[in-house]
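K.L.:
pasting the sequence and the predicted model now:
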Amino acid sequence: MKSKKYTLYHNPRCSKSRKTLNYLNSKGIDFETVLYLNDNLSLDKIENIINKSALNPSDLIRTKENIWKELFKNKKLSKIQIIRAIFEYPKLMQRPVFMSNSRAVIANSTEKAFKIL
């Protein structure tokens, strides 16, 4: 089976994630939906998202999450430590992430998702 050109890392409980999902569906975009809180992203997948987004690894973190505040706030973490934190606590990852074969964005607005299309 041929893999899809686009992937949406989605959290159905997040209104911005649902909005992006609905937007992509309304435009007829063919994409794979990954429920990253259930599907446990690999370390390589998380690193791939960071690399394709051209963001600092810390930009992918939801710093207002209690897990972040309790375990990581005010610590200087390396890229691999941030990747491991997301791996261990997927709730820390910004959402939704929309990715093509070559780029990734935190698509917390439909305009950001549109940049990849």
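P.N.:
Yes, it's here. Keep in mind the model is a prediction, meaning the values are calculated, not measured. Residues are numbered from 1 along each chain as shown.
K.L.:
gap between residue 64 and residue 45?
P.N.:
Per CB to CB, to the nearest Å, residue 64 is found 23 Å from residue 45. C-betas here are computed from N, CA, C, even on glycine.
K.L.:
report the beta-bridge partners for the residue nearest to the spatial centre of the chain.
P.N.:
In the chain, the centroid-proximal residue (CA atoms, centre = their mean) is residue 97; its distance is 3.4 Å. Taking DSSP bridges as the rule, residue 97 bridges to residue 9, residue 106.
K.L.:
could you measure from it over to residue 76?
P.N.:
From residue 97 to residue 76 the distance is 24 Å (CB to CB).
K.L.:
ditto for residue 104
P.N.:
24 Å.
K.L.:
quick one: which of these two has more around it?
P.N.:
Applying other CB atoms under 10 Å to residue 104 and residue 76 shows that residue 104 carries more neighbours, namely 21 against 7.
K.L.:
correct me, but residue 77 touches residue 58?
P.N.:
Yes. Between residue 77 and residue 58 there is a contact under CB atoms under 8 Å: 7.4 Å.
K.L.:
now do the same contact list for residue 46.
P.N.:
The contact partners of residue 46, by CB atoms under 8 Å, 6 or more residues apart in numbering, come to 60, 83, 86, 87, 93.
K.L.:
can you count the residues close to the last one?
P.N.:
Read that as residue 93. Applying other CB under 10 Å, we find 23 other residues in the vicinity of residue 93.
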